[in-house]
Each structure stands twice: as structure tokens, then as C-alpha cells.
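*Asks:* Coordinates for the following, if possible.
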Amino acid sequence: MCFSTEASFSASALLSLAGVAAIKNIQTRSQLAFACIPLIFAFQQFSEGFVWLSSTNDNLIEFHQLSVNSFIVIAQVLWPFWVPYSMILIEKDKNQKRKLYILLVFGSLLSTYHMICLYLFDVTAEVRSYHIYYQLNFPHIGREIEGIFYIIPTIIPPFISTIKGMKLFGILIFSSFLVSAMLYNEYAISVWCFFAAIVSVMVYSIIKQPEFIKQSEIKLRFKKDLPSP
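*Replies:* Predicted coordinates:
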């Protein structure tokens, strides 16, 4: 499989449409963070599109590091926090919500660690055999261990959620991780983000479920029943 500038920008356009559609269909503010996931992926893929362009076009070299940093900040800093956070807001089961809070704390700590490392150490990117290789030049404790640490806040939350369709969402994300790790090991950061971005289109179908509409109707009914001041 070959990845390219066109693939990144096409994915960005598709995800932008899915993100806007998801946001238009939210029923409560608590659903906004989850609905924004395709849009965040859209910006991430747009950033990688410029990584491709600036890596092969000397006239755009001034945008190279900014594009690399934008992509990596979303991948390493934002997602470990955003995934559990967005699912806490839409989860109704109190027991499952407590578990998601634990993942949020873990993800926040991991995001903070990555933020510090990205501030102290450089990140480089180069095109190799139709893929982008990101070199994170900060202390490592082993790729397998780091991979497990990253999976905990980014992949486990959908499996904890009681929202219909969320477990399938988690299965697809996890499957894309396995494919990326096994077939594109050196390029896993770029490839997995691309696959996960495409999977995130599913956010729209989850938002469109009747239970989300029903949840908002219950809240509106509750507000109407409140006594006037």
C-alpha cells in the first residue's frame, strides 16, 4: 500500500465532512468533544499532507517543522487525553464512568510526559518508501512498553463505554493498530493515524443513534419540569 500527499489531503477532506456532519447532529453539549474527533483527525491528516509536500518540495521547506510538530502533538499529546475525556462526557453508566476517569488520569499523565519531551527534544520526519518515518528523539523505555502505555488511554475507552456501536469502533481502531504494528512497524505512527482517521468516520453513525436523541429529549423534558424561579 502506498501513502502519499493525495491520500492525506483526501482523508482530511473526507474527515472534515464527517466531522461537520457529526457536530450538526449532536443533541447536547456533552456530545461535542466526541463529535469533534473526525475534525481533529482531519487537521492531523492535513498537517501530514504538508509534511509530504515540504519533504519533497524545497519551496515549502519553511513549513516542514511546523507540519511535523502539528501532527506529532495531536498524536502524542492530544489523543491520550481526548479519547477518554470525550467518552466520559457521553457515558451514562456511573461504574463505567469511574473506569474512564482512571484512564483519563493515565492519559493526562502520558500526554504531559510527551509534551515535556517534545519541548525538550527534537522531532524529525522523512519520506521513506512511500511512508513517513517520524523520529522522536527523546528517552525511550522500549517500543513494546511505550505501545502498551499508549494503547491504554486511546484504545481501551471504547471497550468500556456502554454506548451502542462503541465496541465495534474500538475493535476497528485496535485492528488498525495491529495491522500498522505488524506490517508497517517503522512507520506505525503515520500509518496507524491514517487508518484510525478513516475509522473515525464511524463517529457520525454513533452520534446519529436514537439513544443520543433520546438522551437529549430526557434532558430537555427535565428542564421543562423544573420550577420557575
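
*Asks:* any idea how far the most centrally placed residue in the chain is from residue 27?
*Replies:* Note on the chain: the residue nearest the mean C-alpha position is residue 79, at 4.8 Å, using Cα atoms, centre = their mean. In this view, residue 79 and residue 27 are 25 Å apart by Cβ to Cβ, to the nearest Å. Using the backbone N, CA and C atoms, a C-beta is placed for each residue, glycine as well.

*Asks:* coming back round to it: and the residue nearest to the centre of the chain, how close does it get to residue 176?
*Replies:* 13 Å.

*Asks:* again with residue 115
*Replies:* Residue 115 sits 25 Å away from residue 176, going by Cβ to Cβ.

*Asks:* more crowded one of these two?
*Replies:* Under the criterion of other Cβ atoms under 10 Å, the comparison of residue 115 against residue 176 puts residue 176 first, with 20 against 15.

*Asks:* buried ones in the longest helix anywhere in the chain?
*Replies:* Longest helix in the chain by number of residues (criterion: DSSP state H): helix 94-120. In terms of neighbour count (16 or more other Cβ atoms under 10 Å), helix 94-120 has its buried residues at 96-97, 99-100, 103-104, 106-107, 110-111, 113-114, 117-118.

*Asks:* do stretch 161-173 as well
*Replies:* 161, 163, 165-166, 169-170, 172-173.

*Asks:* Closest one to residue 149 out of those residues, please.
*Replies:* Nearest to residue 149 among the buried residues of stretch 161-173: residue 173, at 16.2 Å, using Cβ to Cβ.

*Asks:* tell me which element the closest one falls in.
*Replies:* Using DSSP states H and E, residue 173 falls within helix 166-183.

*Asks:* helices or strands next to that helix in the packing?
*Replies:* Judged by 3 or more Cβ pairs under 8 Å, 6 or more residues apart in numbering; DSSP states H and E, helix 166-183 is in contact with helix 143-154, helix 156-160, helix 188-199, helix 202-207.

*Asks:* what angle separates that helix from helix 143-154?
*Replies:* Relative orientation of helix 166-183 versus helix 143-154 (axes from the mean of the first three to the mean of the last three Cα atoms, to 10 degrees): 160 degrees.

*Asks:* Enumerate residues external to helix 166-183 that contact any of its residues.
*Replies:* Contact with helix 166-183 is made by 87, 147, 151, 154-159, 161, 187-188, 191-192, 195-196, 199, 202-203, 206, as judged by Cβ atoms under 8 Å, 6 or more residues apart in numbering.

*Asks:* how does it look with 10 Å?
*Replies:* 1, 34, 37, 83, 87, 90-91, 143-144, 147, 150-151, 154-161, 163, 187-200, 202-203, 205-206, 209 (Cβ atoms under 10 Å, 6 or more residues apart in numbering).

*Asks:* what's the angle from it to helix 188-199?
*Replies:* Using the same axes, to 10 degrees: helix 166-183 against helix 188-199 is 150 degrees.

*Asks:* That's all I had, so thanks and see you.
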